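**Student:** need coordinates for the below:
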Amino acid sequence: MTIEKFIELDQVLVTLDGTIQCREAIIIKEEGKILSRTYHRFTLTPGQDLTGQPEKVVAIAQAAWTPEVIAAYQTSLSNT
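**Tutor:** Below is the predicted model:
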């Protein structure tokens, strides 16, 4: 009986303000058959440190987080 655990990044969404929303599927398999699938969600805000994030998320952040997007996000924080 072989039990395996996989974590797959299955959704990435960039919102209008540049926030990145991610969902990871945590999959438990026994002999190739899925026993369980649960989800973990997390968000990253423009300019946030990307150390330890999946490669796909880093690539998306680097494309989406232009200096203008980061500045606008920081400004929106000051206005609240």
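**Student:** going forward, measure contacts and count neighbours with C-alpha atoms only.
**Tutor:** Fine.
**Student:** what mean pLDDT would you report for the longest helix anywhere in the chain?
**Tutor:** Secondary structure of the chain per DSSP state H: the longest helix is helix 67-78. Mean pLDDT, helix 67-78: 94.
**Student:** now stretch 14-27
**Tutor:** Per-residue scores along stretch 14-27 average to 97.
**Student:** quick one: end-to-end length of it, please.
**Tutor:** Counting by Cα to Cα, to the nearest Å, you get 24 Å between the two ends of stretch 14-27.
**Student:** contacts for that stretch?
**Tutor:** With contacts defined as Cα atoms under 8 Å, 6 or more residues apart in numbering, stretch 14-27 is touched by 5-13, 34-46, 61, 64-65, 69-70, 72-73.
**Student:** go on, stretch 32-43?
**Tutor:** By Cα under 8 Å, 6+ apart, the surrounding residues in contact with stretch 32-43 are Thr19, Ile20, Gln21, Cys22, Arg23, Glu24, Ala25, Ile26, Ile27, Ile28, Lys29.
**Student:** inside strands: which ones of those?
**Tutor:** Within the contacts of stretch 32-43, residues falling in strands by DSSP state E are Ile20, Gln21, Cys22, Arg23, Glu24, Ala25, Ile26, Ile27, Ile28, Lys29.
**Student:** out of these, which are buried?
**Tutor:** When these are checked for burial by 16 or more other Cα atoms under 10 Å, the buried set is Ile20, Gln21, Cys22, Arg23, Glu24, Ala25, Ile26, Ile27, Ile28.
**Student:** generate JSON lines for these, with distance to Gln53 as supplementary columns.
**Tutor:** Shown next, in JSON lines, are these (distance: Cα to Cα, whole Å):
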{"residue": "Ile20", "distance to Gln53": "12"}
{"residue": "Gln21", "distance to Gln53": "12"}
{"residue": "Cys22", "distance to Gln53": "10"}
{"residue": "Arg23", "distance to Gln53": "12"}
{"residue": "Glu24", "distance to Gln53": "12"}
{"residue": "Ala25", "distance to Gln53": "15"}
{"residue": "Ile26", "distance to Gln53": "16"}
{"residue": "Ile27", "distance to Gln53": "19"}
{"residue": "Ile28", "distance to Gln53": "22"}
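**Student:** ok, so of those residues, who is nearest Ser78?
**Tutor:** Among those, Ile20 lies closest to Ser78 (Cα to Cα), at 19.8 Å.
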